[in-house]
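In: got a predicted model here, sequence first, then my questions.
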Amino acid sequence: MNELIYREMLEEMRTCINKEDVKAGLPDETAPDFDIDRIFIFWQQFRMKTNNLKKYIESLDYDIAARVPWGDLTFSSDEGFVEGLPMTRCWTASKECFEANRTIWEKAYSVRLISEGQYLAYFTTSTQKDVEIMMEGAEEAKVCPSPASTLIMLQTKAKDSLKLEQLKMCDFAVEYYHSVEAALGLKDTLPKTKRKRLISKIKKLLHR
């Protein structure tokens with residue numbers, strides 16, 4: 001048994017358990033056939049689910065922030081695939097560079113300014129798909145195909161899923177905390193509530 005990883009699991013379980021759970025009384029050890037290895041497997045699954053959801057939420061944070069300067073720009077799903085239909089592409093350049101080249105780029109690539117940030121200009125080009133675009137100082141932007149409002153909706157759903165998984169994780173910790181504790185040869189590792197500490201002090205005073 002790798003005691004270190006099980007002690008780490010016990011520490012994580014402890015952070016899930018609140019004072020109300022302690023007051024209510026945690027279940028005693030589970031049946032002997034439900035050993036610590038199986039408990040650890042389930043705990044690892046909870047870890048993976050919650051960590052993946054957290055990473056997904058962080059990636060949506062990044063996508064939303066990158067999407068904001070473009071507003072709710074949407075494109076036809078057929079764009080760039082239908083013969084003769086102009087292709088729209090997204091670009092950024094410094095504000096100074098954009099202003100210096102705007103007239104030339106508008107004539108050559110049908111440039112349309114979308115917005116300006118503190119340092120950058122955000123704009124689109126509309127050309128046939130076989131046209132090679134040469135704009136020195138401009139960089140093609142990686143823009144999410146979904147509007148920011150759609151990304152926010154996906155993020156809200158992911159956050160709800162994360163809360164649900166965290167609740168399940170906490171319920172599991174309450175159920176099996178004493179089992180992990182016993183398997184490690186430990187006892188009473190949970191912090192006592194204020195009420196229990198007060199009773200202990202009273203008992204000590206009475207026995208003096």
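Out: Perfect, I can see it now.
In: in this protein, mark out all the strands, start to finish.
Out: Along the chain, the segments classed as strands by DSSP state E run 87-94, 112-116, 120-127, 138-140.
In: for residue 176, find the nearest of those.
Out: With distances scored as CB to CB, the stretch of these nearest to residue 176 is strand 87-94 (50.8 Å). Using the backbone N, CA and C atoms, a C-beta is placed for each residue, glycine as well.
In: in stretch 9-17, what's buried?
Out: By neighbour count on 16 or more other CB atoms under 10 Å, the buried set for stretch 9-17 is 9-10, 13, 16-17.
In: pLDDT and distance to residue 162 added to these, as TSV?
Out: Listed next are the buried residues of stretch 9-17 as TSV, based on pLDDT from 0 to 100; distance: CB to CB, whole Å:
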residue	pLDDT	distance to residue 162
9	94	20
10	93	23
13	93	18
16	89	14
17	88	19
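In: what's the closest of these to residue 170?
Out: residue 16 (4.1 Å).
In: tell me how far the closest one lies from residue 175.
Out: Applying CB to CB, to the nearest Å, the value for residue 16 to residue 175 is 11 Å.
In: again with residue 187
Out: For residue 187, the distance to residue 175 equals 18 Å [CB to CB].
In: neighbour-wise, which of these two wins?
Out: residue 175 (14 against 9; other CB atoms under 10 Å).
In: and the strands of the chain as JSON lines, adding mean neighbour count?
Out: Formatted as JSON lines, those follow (neighbours: other CB atoms under 10 Å):
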{"stretch": "strand 87-94", "mean neighbour count": "18"}
{"stretch": "strand 112-116", "mean neighbour count": "13"}
{"stretch": "strand 120-127", "mean neighbour count": "20"}
{"stretch": "strand 138-140", "mean neighbour count": "15"}
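In: can you pull the pLDDT of residue 176?
Out: pLDDT, residue 176: 91.
In: next, count neighbours for it.
Out: Residue 176 has 25 nearby residues by other CB under 10 Å.
In: where does pLDDT dip in the protein?
Out: Low-confidence segments of the chain (pLDDT under 70): 1, 29-34, 75-82, 144-145, 192-208.
In: can you give me the helices in this protein?
Out: With helices called from DSSP state H, the chain shows them at 3-16, 19-24, 36-67, 95-109, 148-183, 194-206.
In: of all those helices, which one is nearest residue 130?
Out: Residue 130 lies closest to helix 95-109 among the helices of the chain, at 13.2 Å (CB to CB).
In: for the closest one, packing partners?
Out: strand 112-116, strand 120-127, strand 138-140 (3 or more CB pairs under 8 Å, 6 or more residues apart in numbering; DSSP states H and E).
In: in stretch 102-118, what counts as buried?
Out: Going by neighbour count (16+ other CB under 10 Å), the buried part of stretch 102-118 is 105, 109, 111.
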